[in-house]
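# pasted the sequence and its predicted model underneath.
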Amino acid sequence: MARVDAAMVTSGLELPGYRVVRNFGIVRGIIVRSRSVIGNLGAALQTIIGGNITILTNLCEKTREDAFELLLQHAAEHGANAVIGMRYDATEVMQGVTEVLAYGTAVQVERSSQ
């Protein structure tokens with residue numbers, strides 16, 4: 001599946017060395033995830049010890065990666081070769097179920113002559 005190169009994504013409003021030649025508008029990648037019963041049990045056990053709860057950290061990281069990948073695909077579907085103003089957002093949809101949204105502005109850029 002076609003996707004924008006991750007190196008062409010920035011949280012800034014411009015991409016250094018490039019100029020925006022076309023704006024395709026907002027694009028997004030949305031993932032909704034829940035923790036499994038086993039994951040909840042493992043996380044509960046890790047909270048007893050304290051420190052980083054790796055089971056949940058890994059779940060969050062994987063969810064963000066998946067939302068980001070969908071964002072790259074959505075941008076490519078619009079004909080973009082870059083995404084500017086990229087952000088993440090997360091919302092608890094119901095107890096134990098979280099939506100992670102990656103969003104930004106899909107643009108076509110070309111190398112600047114400066």
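The structure has been received and is ready for your questions.

# going by C-alpha atoms from here, please, whenever you check contacts or count neighbours.
OK.

# any weak-confidence spans in this structure?
35-53, 114 (pLDDT under 70).

# strands along that one, start to end?
18-34, 82-94, 97-111 (DSSP state E).

# got the angle for the shortest one vs strand 97-111?
Counting by axes from the mean of the first three to the mean of the last three Cα atoms, to 10 degrees, strand 82-94 points 170 degrees away from the direction of strand 97-111.

# send me strand 82-94 as CSV with only the CA atoms.
Output of strand 82-94 as CSV, limited to C-alpha atoms (Å, rounded to 0.1, in the frame of the first residue of the first chain):
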residue,chain,number,x,y,z
ALA,A,82,4.6,15.1,3.1
VAL,A,83,2.6,15.8,6.2
ILE,A,84,3.1,19.0,8.3
GLY,A,85,1.7,19.9,11.7
MET,A,86,1.5,16.3,12.7
ARG,A,87,0.0,15.6,16.2
TYR,A,88,-1.3,12.8,18.3
ASP,A,89,-4.4,12.8,20.4
ALA,A,90,-5.9,10.1,22.7
THR,A,91,-9.4,9.7,24.1
GLU,A,92,-10.8,7.1,26.4
VAL,A,93,-14.0,6.0,24.5
MET,A,94,-15.1,3.7,27.3
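
# for the closest residue to Arg64 other than its chain neighbours, name its beta-bridge partners.
Nearest in space to Arg64, with sequence neighbours left out and distances taken as Cα to Cα, 6 or more residues apart in numbering, is Val100 at 6.6 Å. Per DSSP bridges, residues listed as beta-bridge partners of Val100: Ile31, Ala90.

# circling back to that earlier point, can you say which of the strands of the chain is packed in most?
Of all those, strand 97-111 carries the top mean neighbour count, a mean of 21, counting by mean count of other Cα atoms under 10 Å.

# what's the closest non-adjacent residue to the residue nearest in space to the middle of the chain?
In the chain, the C-alpha nearest the mean C-alpha coordinate belongs to Phe68, at 2.9 Å (Cα atoms, centre = their mean). Leaving aside its chain neighbours, Phe68 sits nearest to Ala102 (5.6 Å; criterion: Cα to Cα, 6+ apart).

# OK, contacts around that neighbour?
Going by Cα atoms under 8 Å, 6 or more residues apart in numbering, Ala102 touches Arg28, Gly29, Ile30, Arg64, Ala67, Phe68, Leu71, Met86, Arg87, Tyr88, Asp89.
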